[in-house]
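Asks: let me see the structure of the following:
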Amino acid sequence: MMRKGLAGQRLVAVFLVGVLLFNFPLMSLFDRPVLVFGLPLLHVSLFVAWAGLIVLMGWIAERGSR
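Replies: Sure thing, here's the model as predicted:
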């Protein structure tokens, strides 16, 4: 059983990881003229990071509600 405080701390950590993922220096690494499945690498990396953060937050929230 997870305490509410621990789940909250984990969600804050996920938020901070998201801030770092969507910050300029890291995003500039993916701004290259490369196509992945016909889409620009920057767009694919943004979508994957966004989806990963949503999945991680959902997992933490579900685990904390038990």
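Asks: any stretches of this protein with poor pLDDT?
Replies: Along the chain, segments meeting pLDDT under 70 span 1-4, 65-66.
Asks: which other residues reach stretch 33-48?
Replies: Phe22, Met27, Phe30, Asp31, Arg32 (C-beta atoms under 8 Å, 6 or more residues apart in numbering). Every C-beta, even on glycine, is put in place using the N, C-alpha and C of the backbone.
Asks: try 7 Å
Replies: Contacts to stretch 33-48, defined as C-beta atoms under 7 Å, 6 or more residues apart in numbering, come from residues Met27, Phe30, Asp31, Arg32.
Asks: out of these, who's the most crowded?
Replies: Counting neighbours by other C-beta atoms under 10 Å, the top entry in the contacts of stretch 33-48 is Phe30, with 17 neighbours.
Asks: quick one, phi/psi of that one?
Replies: phi -100, psi 0 (degrees, to the nearest 10).
Asks: same question, Pro33
Replies: phi -80, psi 60.
Asks: how much space separates it from Phe24?
Replies: Using C-beta to C-beta, to the nearest Å, one obtains 19 Å as the distance from Pro33 to Phe24.
Asks: now the helix ranked longest in the chain - C-alpha only, PDB.
Replies: What stands out as the longest helix in the chain, according to DSSP state H, is helix 41-64. What follows is helix 41-64, C-alpha atoms only, in PDB (Å, rounded to 0.1, in the frame of the first residue of the first chain):
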ATOM      1  CA  LEU A  41      12.000  13.200 -35.600                       C
ATOM      2  CA  LEU A  42      11.100  16.200 -33.500                       C
ATOM      3  CA  HIS A  43       7.400  15.500 -33.800                       C
ATOM      4  CA  VAL A  44       7.800  11.800 -33.000                       C
ATOM      5  CA  SER A  45      10.000  12.500 -30.000                       C
ATOM      6  CA  LEU A  46       7.400  15.100 -28.600                       C
ATOM      7  CA  PHE A  47       4.600  12.600 -29.000                       C
ATOM      8  CA  VAL A  48       6.500   9.700 -27.400                       C
ATOM      9  CA  ALA A  49       7.600  11.900 -24.500                       C
ATOM     10  CA  TRP A  50       4.000  13.200 -24.000                       C
ATOM     11  CA  ALA A  51       2.500   9.700 -24.200                       C
ATOM     12  CA  GLY A  52       5.100   8.300 -21.900                       C
ATOM     13  CA  LEU A  53       4.400  10.900 -19.200                       C
ATOM     14  CA  ILE A  54       0.700  10.300 -19.400                       C
ATOM     15  CA  VAL A  55       1.200   6.500 -19.000                       C
ATOM     16  CA  LEU A  56       3.600   7.100 -16.100                       C
ATOM     17  CA  MET A  57       1.200   9.500 -14.300                       C
ATOM     18  CA  GLY A  58      -1.700   7.000 -14.800                       C
ATOM     19  CA  TRP A  59       0.400   4.200 -13.400                       C
ATOM     20  CA  ILE A  60       1.400   6.200 -10.400                       C
ATOM     21  CA  ALA A  61      -2.200   7.400  -9.800                       C
ATOM     22  CA  GLU A  62      -3.700   3.900 -10.100                       C
ATOM     23  CA  ARG A  63      -1.000   2.400  -7.800                       C
ATOM     24  CA  GLY A  64      -1.600   5.100  -5.200                       C
END
